[in-house]
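Asker: Just the structure for this:
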Amino acid sequence: IVVGTHDVEQGQVLHTLFQTDFFRVVVVADVETVEICGALKNIVAVGAGFIDGLQYGDNTKAAVIRLGLMEMVRFSQEFYGGKNLSTFLESCGVADLITTCYGGRNRKVSEAFVRTGKTLAQLEEEMLNGQRLQGPMTAAEVHHMLEIRGLKE
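Answerer: Down below sits the predicted model:
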């Protein structure tokens, strides 16, 4: 697990409390990147789900994940100064991104969206008991932020 903190001493307390031989705790002084990774991975997972739904294969999916990670880094640099790129290599970054793109609910529902032609609302009701997907909501927020900065391409 990655603990993002502004107070490294407090982070070390959490490290001491939770670190075991079987549970690794990493403390980083980079709260923003830890949070950004947790949100933006869901957008990339939607794209991965589309790739799975279209049956484009592993190389295409890997390309989407790689480009998604690059966009996550770019977003972090643009909006938060990209404090520490190594945070993206921690479990909160690339590891969580890969896991979400292969098994997360954003990926699964997006795959079903392509294959079934049902709306996201229908699939959220059927597959998630009415819970809303984070990927599309986060994508809308990111789009708005990019528009405000004049960065929409």
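
Asker: give me the low-pLDDT residue ranges for this protein?
Answerer: In the predicted model, the chain carries pLDDT under 70 at residues 153.

Asker: need the helices for it, in chain order.
Answerer: Counting by DSSP state H, one finds helices in the chain at the ranges 8-18, 31-54, 58-80, 96-103, 105-116, 120-128, 134-149.

Asker: Among those, which comes closest to Val2?
Answerer: helix 31-54 (5.6 Å; Cβ to Cβ). (Glycine included, C-beta is placed from N, CA and C.)

Asker: what's next to stretch 98-108, contact-wise?
Answerer: The contact list for stretch 98-108, computed with Cβ atoms under 8 Å, 6 or more residues apart in numbering, reads 41-42, 44-46, 48-49, 52, 61, 64-65, 68, 127-128, 133-135.

Asker: Buried members of those into ChimeraX, please.
Answerer: Applying 16 or more other Cβ atoms under 10 Å to the contacts of stretch 98-108 leaves a buried subset, and the ChimeraX line that selects it is:
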select :41,42,44,45,46,48,49,52,61,64,65,68,133,134,135
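
Asker: May I have the residues that are in contact with the residue nearest the centre of the chain?
Answerer: Residue closest to the mean C-alpha point of the chain, counted by Cα atoms, centre = their mean, is Lys41 at 1.3 Å. Contact analysis of Lys41 by Cβ under 8 Å, 6+ apart lists 68, 72, 96-97, 100-101, 104.

Asker: Same check on Met145?
Answerer: Counted by Cβ under 8 Å, 6+ apart, Met145 has contacts Phe79.

Asker: Thr138 versus that one, what's the distance?
Answerer: Distance, Met145 to Thr138, by Cβ to Cβ, to the nearest Å: 10 Å.

Asker: Out of the contacts of Lys41, who's the most crowded?
Answerer: Compared across the contacts of Lys41, Cys101 has the highest neighbour count, 26 neighbours, by other Cβ atoms under 10 Å.

Asker: Give me the nearest residue to that one, chain neighbours excluded.
Answerer: Ala48 (3.8 Å; Cβ to Cβ, 6 or more residues apart in numbering).
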